[in-house]
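> My questions concern the predicted model and sequence given below.
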Amino acid sequence: MVTIDPELVRDVAEKIQWFVDGRRTPNVWQRFDSALTAVGAAHGANDAAAMEQVLYELELLSRRVAEKQGQESAEEPPPKVRDRANELVHTLLPDDEQDE
């Protein structure tokens, strides 16, 4: 059985945390919420290829955020999205890695 590389899981968790720690447009939050669903499904299915794909999608979304920064109004994450993201990070990373 193939397992997901811990480095890949850590990269995904760090990218999720990066998103939650910033202000984004409503459209970005909507796309990010969809990505959270994909991360949860990939992790639950132990699907490394799907996890790599969602990391790629998060990277593309983060590039869009960087390119548009200051051009569009941004807001804190919706509470539902922030809570889902935090729960997912706790699921992906053992407690000792979350504080690094």
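Yep, that arrived.

> And residue 25, how far from residue 10?
Computed as Cβ to Cβ, to the nearest Å, the residue 25 to residue 10 distance reads 27 Å. To be clear about C-beta, it is placed using only N, CA and C from the backbone, and glycine gets the same treatment.

> How about residue 23?
Counting by Cβ to Cβ - residue 23 and residue 10 are separated by 24 Å.

> do the same with residue 56
16 Å.

> Next: residue 59.
14 Å.

> how close does the residue nearest to the spatial centre of the chain sit to residue 5?
Note on the chain: the residue nearest the mean C-alpha position is residue 16, at 2.8 Å, using Cα atoms, centre = their mean. Distance of residue 16 to residue 5, given as Cβ to Cβ: 17 Å.

> Same question for residue 83.
27 Å.

> Check residue 49 too.
Applying Cβ to Cβ, the value for residue 49 to residue 5 is 11 Å.

> how near is the residue nearest to residue 25 when sequence neighbours are not counted to residue 19?
Nearest non-adjacent residue to residue 25, counting by Cβ to Cβ, 6 or more residues apart in numbering: residue 72, 4.8 Å away. Separation of residue 72 from residue 19 (Cβ to Cβ): 15 Å.

> okay, these two: which has more neighbours?
Using other Cβ atoms under 10 Å as the criterion, residue 72 and residue 19 rank with residue 19 on top: 22 against 12.

> Do you know the pLDDT at that one?
pLDDT recorded at residue 19 is 94.

> so what's it up against?
28, 32, 58, 61, 62, 77, 85 (Cβ atoms under 8 Å, 6 or more residues apart in numbering).

> What separation do you get for the first one and residue 20?
The reference is to residue 28. The value you get for residue 28 to residue 20, if Cβ to Cβ is used, is 12 Å.

> With residue 84 instead?
Here residue 84 is placed at a distance of 10 Å from residue 20 (Cβ to Cβ).
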